[in-house]
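Participant: Coordinates for the following, if possible.
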Amino acid sequence: MNSEQFQAQIGQGIPVQLPPKPNFKLKRNSAPKRTLSLTPQQTQQAIQNALRYFPKAWHSELAEDFLSELQSRGRIYMYRFQPKYQMFARPLREYPHRSTQAAAIMMMIQNNLDPEVAQYPDELITYGGNGAVFQNWAQYLIAMRYLSQITDMQTLHLYSGHPMGIFPSSQKAPRVVITNGMMIPNYSQKSDWNLYNALGVTQYGQMTAGSFMYIGPQGIVHGTTLTLANAFRKLQGTSTDPKGQIFVSSGLGGMSGAQAKAAKIVGCIGIIAEIDPEVSQKRYSQGWVDELITDADELVSKIQKARTLKQGVSFGFIGNIVDLWELLYLHKIPVAIGSDQTSLHNPFDGGYHPVGLSLEASTRMCSETPKQFKQAVQHSLRQQFSWIQKHQALGMYFFDYGNAFLLEAQRAGAAVNNPSGDGFIFPSYVEDIMGPMCFDFGFGPFRWICSSGLEADLHLTDQLAIDVLTQMLEKAPAPIKNQLADNLKWIQEANDHQLVVGSQARILYADAPTRIALAEIFYKALAKGNIKGAVILGRDHHDVGGTDSPYRETSNIKDGSKFTADMAVHNVIGDSFRGASWVSLHNGGGVGWGEALNGGFGLVLDGSLKSLQRAIQMLYFDVNNGVSRRAWAGNPAALWAIKRAMKADPDLVVTLPNSVDDDPIDSKIDPHEDL
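Facilitator: Prediction:
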């Protein structure tokens, strides 16, 4: 298909003629059948809702299609309307557009659906088992058509993937406003998601899936690298050498695929269990894991050799994580650090496979006998937790990686609660590591994408980032020197680690001054023509102020407010009128539907002074809003960071907490008596 044909298809939206019914065959990387429990009336409603996108003359034929999809897949994806063109991030000039910002959004949508990037591309799922870009292909087609039409005086509004319409706005407004999974609070249980997603009226956008800001596992590689590096710092004090020490976790698909790569970068021995051979092979072919092993004896032998040689190496064990924990314990192999990244925000719809079942048997049970499958999952979680406790007793440091492992283990009946009643016996990685060591200081996962698609542009931005970080490290105060040094090392080595999958993108953890400095230096290079296409700025929602999630991003906030969600909402609203090209607000995230609220943005830096001014204003607020909330909770690093920010900018005025004694009323409250 040539460029003109591609542009014509984008501009067309829903095709004029009904496409023939495809000879669709499920692939190994197709989404599992979703749980479906619709009444006959609800089934009718789901089909009626889907038919609204199409001319009435097509309804009779499509109704049969959609009923078949509901029965066989649990959802209506509209496979018949899946485009025939290749799905990947094209240079902006190849998209039909009247707004550069809209073209950038089209590019980011296609990157999220690129088969090299997406977990289940045919079902429009980017990562995490159910992190959707759109609910169905009709929504994709209409949204892309609208984006090809809008100007910088209009805004497209997307309701959980549904293109509600183009509305007049202004140049300062976002080009797209996205919400995913916004529910009345009492209707935000997992059973509600199954119902309303099947009806076609809401979707689970995860984080960067539904906000069009996913850049492949590179983002989580960097976050996992920093998490592991700082975890070893916690274990070893001033010595940070992890050579010969073992990190164990699970998951090589989607975002969890980053773990093996991160272990290699840090220099430890990474052992990651993954039950799906195809997923494992994909990561191996991409260079993200060094060796794939199916035989337990072979794995033990290779681990012992790597320990003796103190190698930095990653092993993918094609098998169940419970079996891996048991194997290491019985062979008395000491594990320094343990975690888990199975998709436990989605435990009963294919996100977790119970021990004792093959992948095929597990998938079949999930589809055919969901109640039995749930029992098997919960039994497996109890076993997994038990083996982890045995390793902890031998000195292993375990942290929950925010995937709801401890939460689901608790629901399965495992004794995970802290004896004090405050949280779990194992900390969240944010609670113990990334919160106090990164987020509280204002450091979080900033990213940029070179819209030209040119490697040369990415390499130039890497060098510019090295220049910025080098200068900032020279004058940095002591509390943030480690973070700047870690990120300088990361960006210096990034190209060697083969991190690019899909778009030409890069990530590093940065605070507000660093993000602004990067925007300024990119602007200068764009204005001079040294960078050949607009640079798209963004971040993960898993950031300083982007997500309210009591068991993950805000788990180190101890003033009782971690179950509130004002911060994430303010971030999205504040970003929207300070210059973002698009904004998004989501229910859920990595810990699951109803368990968090998170938001994100994208901002197109096109070489104009106006785009730089928008970037400076928006990036400053986006970070400092989160730091302010953390400071009000009394977090020492956040207090230091926000005072530093106020000293640098007199226009920033933040309410700071006064010091309060731990026991302000001299123990007059009986701790055993409810008020």
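Participant: can you map out the strands along the stretch 401-550 of the chain?
Facilitator: Per DSSP state E, counting those that start in this stretch, the stretch 401-550 of the chain has strands spanning 444-450, 505-510, 535-539, 547-548. These are given in chain order.
Participant: Remind me what the helix or strand following the shortest one packs against, helices and strands.
Facilitator: Read that as strand 547-548. Once the chain leaves strand 547-548, the next helix or strand it forms, by DSSP states H and E, is helix 566-576. Contacting helix 566-576 under the criterion 3 or more CB pairs under 8 Å, 6 or more residues apart in numbering; DSSP states H and E are the following elements: strand 547-548, strand 582-587, strand 597-605, helix 609-632. C-beta coordinates here come from the backbone N, C-alpha and C atoms, glycine included.
Participant: Report the buried residues of helix 566-576.
Facilitator: 567, 568, 570, 571, 572, 574, 575, 576 (16 or more other CB atoms under 10 Å).
Participant: Give me the contacts around it.
Facilitator: 173-174, 177, 545-548, 554, 583-585, 597-601, 618, 621-622, 625-626, 629 (CB atoms under 8 Å, 6 or more residues apart in numbering).
Participant: make it 7 Å
Facilitator: Contacts to helix 566-576, defined as CB atoms under 7 Å, 6 or more residues apart in numbering, come from residues 174, 177, 545-548, 583, 585, 597-599, 601, 618, 621-622, 625-626, 629.
Participant: Ok, which of the strands of the stretch 401-550 of the chain comes nearest residue 362?
Facilitator: Smallest distance to residue 362 across the strands of the stretch 401-550 of the chain (CB to CB): 30.3 Å, for strand 547-548.
Participant: now for that closest one, which elements pack on it?
Facilitator: Contact analysis of strand 547-548 by 3 or more CB pairs under 7 Å, 6 or more residues apart in numbering; DSSP states H and E lists helix 566-576 as its packing neighbours.
Participant: Now do the helix it packs on against strand 597-605, angle only.
Facilitator: Between helix 566-576 and strand 597-605, the angle formed by their directions is 20 degrees, by axes from the mean of the first three to the mean of the last three CA atoms, to 10 degrees.
Participant: so can I have CSV of the helices and strands packed on helix 566-576 showing distance to residue 425, mean pLDDT and mean neighbour count?
Facilitator: As requested, the helices and strands packed on helix 566-576 are arranged in CSV below (distance: least, CB to CB, whole Å; pLDDT from 0 to 100; neighbours: other CB atoms under 10 Å):
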stretch, distance to residue 425, mean pLDDT, mean neighbour count
strand 547-548, 23, 96, 28
strand 582-587, 28, 98, 27
strand 597-605, 26, 97, 28
helix 609-632, 24, 98, 22
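Participant: got CSV for these, with distance to residue 473 too?
Facilitator: What follows is these, written out as CSV (distance: least, CB to CB, whole Å):
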stretch, distance to residue 473
strand 547-548, 28
strand 582-587, 32
strand 597-605, 24
helix 609-632, 18
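Participant: Okay, now the unreliable bits of the stretch 251-400 of the chain?
Facilitator: The model of the stretch 251-400 of the chain has pLDDT under 70 over residues 254-255.
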